[in-house]
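In: Return atomic coordinates for the entry below.
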Amino acid sequence: MAKRRSSSAARQAIAELPDAFLNRILPRAARAGAEVIADDAKAALGGRRAETGGGAKVLIADSVKVKVKREGTLIRARIYLDGPGAYVGRWLEYGTDPHFITIDPTVRKGMTARRVNAKITDGDGDLKATLLINGKPVGTSVYHPGAQAKPFLRPALDQREGDAIAVMQGYVTSRATRAGIAGAAASETDA
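Out: This next block holds a predicted model:
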């Protein structure tokens, strides 16, 4: 049987394969798979909107983000909520318990809820942290019965897990060829 020795360049390329996979291919594959699940979560949210502190309406779906992080040889893709509207997304995902809503006494300074809301409506900047419900006074306190959970993140994972794995596998197999590893030299992971 004939033996053939590899050139030093071929040996070096083979030695660099594990690092190339770990630094370039696997993080990007994880991101591609996570994007499948994140897109499904965004679709489940549809056109639901949240109001920001400044009164602007934002799509809650815009707060669904993907982050990929490498810790040694472990690569994690994370789908999370961040930015305007994320607070409502968390309420939708997990629901809320029954609770009381009150106006902070230090802000209220003896004023009735109607007076506080009137000052907010008139543009009093010092009272922006108080509560307006549909533009009407709420009294000294209001009982909120809580909200039922309407999950969108976990069902997206449950329904699209197989698709995400297929996308990750497709990403890896399309870039690992007999000629070597295709793709850019820099890693796309987030810090």
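In: Now do the helices in the chain.
Out: 8-20, 26-45, 86-94, 105-108, 113-121, 153-175 (DSSP state H).
In: Walk me through the domains of the chain.
Out: 13-85+151-181, 97-146 (automatic domain parsing).
In: residues in contact with His99?
Out: 143-144, 146 (C-beta atoms under 8 Å, 6 or more residues apart in numbering). Heads up, the C-betas are built off the backbone N, CA and C, glycines and all.
In: any idea which of the residues you listed is closest to Val64?
Out: Gly146 (23.8 Å; C-beta to C-beta).
In: So the closest one sits against Phe100, correct?
Out: No. Contact criterion C-beta atoms under 8 Å: Gly146 and Phe100 do not qualify, at 11.2 Å.
In: Between the two, point out the one with more neighbours.
Out: Gly146 (12 against 8; other C-beta atoms under 10 Å).
In: Now do the contacts for the more buried one.
Out: So Gly146 contacts 95-99 (C-beta under 8 Å, 6+ apart).
In: what do you get for Ala147?
Out: Counted by C-beta under 8 Å, 6+ apart, Ala147 has contacts 91, 95-96.
In: is it possible to export those residues to TSV including distance to Asp122?
Out: TSV is the format used below for the contacts of Ala147 (distance: C-beta to C-beta, whole Å):
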residue	distance to Asp122
Trp91	29
Gly95	35
Thr96	30
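In: Let's check: the centremost residue of this protein is which one?
Out: Tyr80 (2.6 Å; C-alpha atoms, centre = their mean).
In: Tell me how many other residues surround the closest residue to it other than its chain neighbours.
Out: Here the nearest residue to Tyr80 in space, its sequence neighbours aside, is Lys65; by C-beta to C-beta, 6 or more residues apart in numbering that works out to 5.7 Å. Residue neighbour count, defined by other C-beta under 10 Å, stands at 15 for Lys65.
In: distance between stretch 67-78 and the chain's centre?
Out: Centroid separation between stretch 67-78 and its chain, computed with C-alpha atoms, centre = their mean, to the nearest Å, is 15 Å.
In: no, scratch that, I was asking about stretch 55-72
Out: For stretch 55-72, the distance to the chain centre is 3 Å (C-alpha atoms, centre = their mean).
In: Show me where this protein dips below the pLDDT cut-off.
Out: 1-6, 104-108, 113, 117, 120, 123-141, 180, 183-191 (pLDDT under 70).
In: can you do 50?
Out: For the chain, residues meeting the criterion pLDDT under 50 lie at 184-191.
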